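>>> below: sequence and its predicted model.
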There are 2 protein chains.
Amino acid sequence: MQAKEVLLVLTDQWADWEASYAVWLVNSVPEYTVKTMALDKQSKVSVGGLRAEIDYAVNEYTKFENLAMVILTGSFSWKNESHNEIADFVKKAHDLCIPIAAICGGVVFLGKHGFLNNVKHTGNSLERFQKEPNYNGTDFFVSAQAVADQNIITANETAALEFAREIFRTLKIYTDEDMDDWYDEFKNGMVR
Amino acid sequence: MQAKEVLLVLTDQWADWEASYAVWLVNSVPEYTVKTMALDKQSKVSVGGLRAEIDYAVNEYTKFENLAMVILTGSFSWKNESHNEIADFVKKAHDLCIPIAAICGGVVFLGKHGFLNNVKHTGNSLERFQKEPNYNGTDFFVSAQAVADQNIITANETAALEFAREIFRTLKIYTDEDMDDWYDEFKNGMVR
């Protein structure tokens, strides 16, 4: 069986922690393999100073039949740049009913490109963002830490664990009970 | 002012989430810059599938006067390999009173190489590890999520946030109150 690909889309100044639990869980099962994607194949530097190598430039990707999910990890540069080629790629994947997961700045990017216009669960500040295209704040949030609706998962920057849980629920790897146990351990710690 | 370096030591199969909050906070202030170090300069692949480029091979590092901290992020390979050259490097830094921070497998590595023999705060399973050199389990933990003692910070794999907080306290960047606010937001979320 060929593992299906889950693409982690990175920009410069990507946030180290936001998709970290998600990619660990996804890449640890044989059904999936995590690959990185960006506008080009130059390594992308995180806010923590890590240089991550890029597997695919967005324009060269053709294997949609083997694509299980697209994850847009947060960064400041989502807000400041348009990234139209990534928007075109996300639209193609979304039209093929491939789930899209976005956190923090990735959610702003989805809002800016119209992907959230029919999504009802997003909360106060994101609605504000949708109404005000020039809104450039970092204090937006959704109505819960992370939510899945209409094949789109959104989360705020403090919700790395909840984001991972929603991604794993969508990919249907473990049971909800197993995921709840995992979440409880990482949310509350081993030592209480 | 030249930024002091904080070295993130990576091995293959490094855990994406464990030092992710820490490197973000450290690298976001002008006083410090995060650089990666490994046995050699080959990129190291995380459990989440990210290939991180390496700034320094351990044997080529000489700038101890500009070194503020060494962070050993977890990975399965700490347990299975000896990494003697990294142990020699950590000993040299520790002898110079440079703080060492280790999480998960990094703590096992410190225990295996004798760095924790005089550290009193480590908990049950780590004491067991110290008594049984061939202990190779993954279920060890320290007596709190993260603790700083005698210039060594230790944390378990579920304690990425607490690990970051201890690191930032040690580096004395923000006030304890600011760190508590930061911790509360990321531990409990924006939406409650």
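That came through fine.

>>> at which residues are the strands of chain A located?
A:4-9, A:32-38, A:44-45, A:51-52, A:56-57, A:67-72, A:100-103, A:146-149, A:152-155 (DSSP state E).

>>> lowest-confidence stretch among the ones you listed?
Lowest mean pLDDT within the strands of chain A: strand A:146-149, at a mean of 83.

>>> tell me which residues in stretch A:174-192 are buried?
Buried residues in stretch A:174-192, counting neighbours by 16 or more other C-beta atoms under 10 Å in any protein chain shown, are found at A:174, A:179, A:182-183, A:186, A:189-191. (C-beta placed from N, C-alpha, C; glycine too.)

>>> okay, helices next: where are they in chain A?
All helices of chain A, identified by DSSP state H, fall at A:20-27, A:77-80, A:84-95, A:105-112, A:124-131, A:160-171, A:176-188.

>>> for those, which one sits closest to B:G48?
For those, the distance to B:G48 is smallest for helix A:20-27, at 3.1 Å, taking C-beta to C-beta.

>>> which strands and helices sit next to the closest one?
When contacts are defined as 3 or more C-beta pairs under 8 Å, 6 or more residues apart in numbering or on different chains; DSSP states H and E, helix A:20-27 sits against strand A:4-9, strand A:32-38, strand A:67-72, helix A:160-171.

>>> just the residues contacting it, thanks.
A:6, A:8, A:32-34, A:69, A:71, A:101, A:160-161, A:163-164, A:167-168, A:171, A:173, A:182, A:186, B:15-17, B:20, B:46-50 (C-beta atoms under 8 Å, 6 or more residues apart in numbering or on different chains).

>>> that helix vs helix B:160-171, what angle?
If you take axes from the mean of the first three to the mean of the last three C-alpha atoms, to 10 degrees, helix A:20-27 sits at 140 degrees to helix B:160-171.

>>> give me the average confidence score over helix A:20-27.
The average pLDDT for helix A:20-27 rounds to 97.

>>> and the angle from it to strand A:67-72?
Using the same axes, to 10 degrees, helix A:20-27 lies at 170 degrees relative to strand A:67-72.

>>> still on that earlier bit, reformat the buried residues of stretch A:174-192 as a markdown table; add pLDDT and distance to B:G105.
A markdown table is the format used below for the buried residues of stretch A:174-192 (pLDDT from 0 to 100; distance: C-beta to C-beta, whole Å):
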| residue | pLDDT | distance to B:G105 |
| --- | --- | --- |
| A:Y174 | 86 | 23 |
| A:M179 | 90 | 24 |
| A:W182 | 94 | 19 |
| A:Y183 | 94 | 22 |
| A:F186 | 94 | 16 |
| A:G189 | 87 | 17 |
| A:M190 | 77 | 15 |
| A:V191 | 70 | 17 |
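
>>> so which of the residues you listed also contact chain B?
A:186, A:189-191 (C-beta under 8 Å from any C-beta of the partner chain).

>>> any weak-confidence spans in chain A?
A:120-143, A:192 (pLDDT under 70).

>>> quick one: buried residues of stretch A:55-62?
Buried residues in stretch A:55-62, defined by neighbour count with 16+ other C-beta under 10 Å: A:55-56, A:58, A:61.

>>> I'd like these written out as a markdown table, with distance to chain B added.
Listed next are those as a markdown table, based on distance: C-beta to the nearest C-beta, whole Å:
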| residue | distance to chain B |
| --- | --- |
| A:D55 | 8 |
| A:Y56 | 13 |
| A:V58 | 17 |
| A:Y61 | 16 |
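
>>> identify the farthest-apart pair in those residues.
Most distant of the buried residues of stretch A:55-62, by C-beta to C-beta, are A:D55 and A:V58, 11.1 Å apart.

>>> overlap in contacts, these two.
With C-beta under 8 Å, 6+ apart as the test, A:D55 and A:V58 both reach A:M37.

>>> closest one of the buried residues of stretch A:55-62 to A:S77?
A:V58 (14.4 Å).

>>> wait, doesn't the closest one sit right on A:F89?
Yes: A:V58 is in contact with A:F89 according to C-beta atoms under 8 Å; the separation is 4.9 Å.

>>> what sits in contact with each of these two?
A:M37.

>>> could you check how far the closest residue to A:W17 other than its chain neighbours is from A:D16?
Once flanking residues are discounted, A:W17 sits nearest to B:S20: 3.7 Å by C-beta to C-beta, 6 or more residues apart in numbering or on different chains. Distance, B:S20 to A:D16, using C-beta to C-beta, to the nearest Å: 4 Å.

>>> any idea how far stretch A:36-55 is from the middle of the chain?
In terms of C-alpha atoms, centre = their mean, to the nearest Å, the centre of stretch A:36-55 is found 15 Å from the chain centre.

>>> now swap in stretch A:77-89 and tell me
The mean C-alpha position of stretch A:77-89 is separated from the chain mean by 14 Å, C-alpha atoms, centre = their mean.

>>> for that stretch, measure first residue to last.
18 Å (C-alpha to C-alpha, to the nearest Å).

>>> so what's A:S75 up against?
A:S75 makes contact with A:10-15, A:47, A:104-106, according to C-beta under 8 Å, 6+ apart.
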